[in-house]
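Chemist: any chance you can model this:
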Amino acid sequence: MPFLNGFNASVIVPPDRVLQSYGIVIDEAKRTLTCWIPSEAGQPYKIVWGCVKHFMDSRGDVFIDGRPVGSELIHHSYMVKMDDELLMVAKDRSTLDNSGPFTFPKSSDDAGEQNMEADTEDSMHIADLEPFKGEICLIIHRTVIHRITHLVSVDPQARDERIATFVFKYRSIDFLKKNGIDLQDTHIIPLRIRDLDAPMEQETSEGQRLALNNKSEQTDVYMRNVDDAQLDSKICELQEELNALYAKKVIKERLVYKLMMHDHKPSVIAKRKLAEELRLLDNSDSPRSIRRRERKIKAASEALERAKLEHSEGFSAPNEGSSATQKPPRRKSLRAQTWKAALEAEKMAKLNSQPSGLDDEPSV
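Modeler: Model (predicted):
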């Protein structure tokens with residue numbers, strides 16, 4: 001599939017077969033890719049395109065002979081979820097009457113060209129197109145889609161900035177053979193100036209100017225550029241993997257912090273110390289070392305009990321009549337105890353101030 005400046009486009013015929021492109025020539029100055037494709041009279045076809053890098057919102061408008069026939073609007077995040085699925089326009093959507101699929105004309109040798117253009121315009125402006133017979137234009141705009149309102153932002157500064165133009169010249173297979181078109185798989189040849197025999201220059205990564213004297217060197221330079229463009233897509237995939245690894249790292253750091261805080265609990269430290277002393281006791285041989293280990297084990301056990309009591313200091317001891325499995329009630333705060341004692345004292349004062357005769361019930 002022809003590729004130029006991060007976009008690829010092609011013509012597909014039933015049953016989902018991509019028409020082979022021959023004699024591909026690229027004019028980087030005009031950002032144009034031109035090629036030949038074989039066609040059959042009356043054969044239906046559809047135009048597909050996609051953005052390899054998935055870095056921007058885009059809208060593609062398709063025109064035939066200057067007349068709009070369809071468009072597609074896509075958010076870059078949706079394109080990633082589509083798993084490199086291409087956008088497509090297969091039938092005329094401009095009118096309800098003419099909604100059939102696109103078909104090659106009966107005499108494709110005189111039809112002209114199919115022209116597909118990929119622009120990066122942040123506007124709905126459509127360039128003035130000359131209505132050539134058999135010309136199909138696909139104009140892709142770089143837009144900003146708001147997810148809530150689904151509106152498209154327009155930036156006048158980026159208007160008429162064209163990124164890529166795909167030109168598909170369709171003719172019959174006999175016409176291609178008659179005019180000497182090489183029907184073998186061809187390489188993409190960059191065309192930066194009109195005369196390929198003229199010397200050209202390419203700036204290296206060190207800032208030096210490299211002279212390109214023949215077509216093979218020009219092709220090699222372009223293929224390096226193609227590799228760089230394909231690497232951009234790989235960079236996006238690696239960025240997603242990096243984000244996933246970063247999320248795992250954050251979760252791991254949180255778990256490590258929780259484990260560290262758990263290890264610093266007095267009860268955990270005392271339990272670990274007791275286990276270490278028990279292990280050393282099993283390895284002790286002399287009676288003196290055994291007695292020393294027993295004393296340390298006793299001290300470690302007492303430290304463990306103290307740590308457990310400190311951990312449960314917010315709970316009061318259970319009553320004598322309650323079962324051992326019953327959860328002890330929480331100890332009331334000092335403020336609540338003071339308030340309760342004040343109420344009890346006030347109640348006792350009222351009882352003491354009342355006459356004793358009022359306490360007796362009246363006799364009938």
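Chemist: quick check: the closest residue to residue 35 other than its chain neighbours vs residue 34, distance?
Modeler: Excluding its sequence neighbours, the residue lying closest to residue 35 (Cβ to Cβ, 6 or more residues apart in numbering) is residue 21, at 4.0 Å. (Each C-beta comes from the backbone N, C-alpha and C, glycine too.) According to Cβ to Cβ, to the nearest Å, residue 21 and residue 34 sit 10 Å apart.
Chemist: over to residue 67?
Modeler: 23 Å.
Chemist: try residue 245
Modeler: Using Cβ to Cβ, residue 245 is found at 43 Å from residue 34.
Chemist: quick one: which of these two has more around it?
Modeler: Each of residue 245 and residue 34 has its neighbours counted (other Cβ atoms under 10 Å); residue 34 has more, 20 against 10.
Chemist: find the nearest non-adjacent residue to the more buried one, please.
Modeler: Of all residues not flanking residue 34 in the chain, residue 167 sits nearest, at 4.4 Å (Cβ to Cβ, 6+ apart).
Chemist: which secondary structure element of this protein has the lowest mean pLDDT?
Modeler: Lowest mean confidence among the helices and strands of the chain (mean pLDDT, DSSP states H and E): strand 189-191, at a mean of 42.
Chemist: and the host helix or strand of residue 288, what does it pack onto?
Modeler: Assigned by DSSP states H and E, residue 288 belongs to helix 287-311. Counting contacts by 3 or more Cβ pairs under 8 Å, 6 or more residues apart in numbering; DSSP states H and E, helix 287-311 packs against helix 266-282.
Chemist: so what are the domain limits for this structure?
Modeler: Domain assignment of the chain by automatic domain parsing yields the ranges 3-191, 199-251, 265-311.
Chemist: out of those, which gets the lowest mean score?
Modeler: Among these, domain 199-251 carries the lowest mean pLDDT, at a mean of 59.
Chemist: circling back: buried ones in the next helix or strand after the helix holding residue 288, by neighbour count?
Modeler: Later in the chain than helix 287-311, the nearest helix or strand by DSSP H and E is helix 334-353. Judged by neighbour count (16 or more other Cβ atoms under 10 Å), helix 334-353 contains no buried residues.
Chemist: could you give the mean pLDDT of helix 334-353?
Modeler: 75.
Chemist: got the CA positions of that helix in CSV?
Modeler: Extracted in CSV, the C-alpha atoms of helix 334-353 (Å, rounded to 0.1, in the frame of the first residue of the first chain):
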residue,chain,number,x,y,z
LEU,A,334,-11.7,10.5,78.9
ARG,A,335,-14.1,13.2,77.9
ALA,A,336,-17.1,10.7,77.8
GLN,A,337,-16.1,9.3,81.3
THR,A,338,-15.9,12.9,82.7
TRP,A,339,-19.3,13.8,81.3
LYS,A,340,-20.9,10.6,82.7
ALA,A,341,-19.4,11.2,86.1
ALA,A,342,-20.7,14.8,86.1
LEU,A,343,-24.2,13.6,85.2
GLU,A,344,-24.1,11.0,88.0
ALA,A,345,-23.0,13.6,90.5
GLU,A,346,-25.8,16.0,89.5
LYS,A,347,-28.3,13.2,89.8
MET,A,348,-27.1,12.2,93.3
ALA,A,349,-27.3,15.9,94.3
LYS,A,350,-30.9,16.1,93.2
LEU,A,351,-31.8,13.0,95.1
ASN,A,352,-30.2,14.2,98.3
SER,A,353,-31.9,17.6,98.1
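Chemist: which other helices and strands does that helix contact?
Modeler: For helix 334-353, not one helix or strand is in contact under the criterion 3+ Cβ pairs under 8 Å, 6+ apart.
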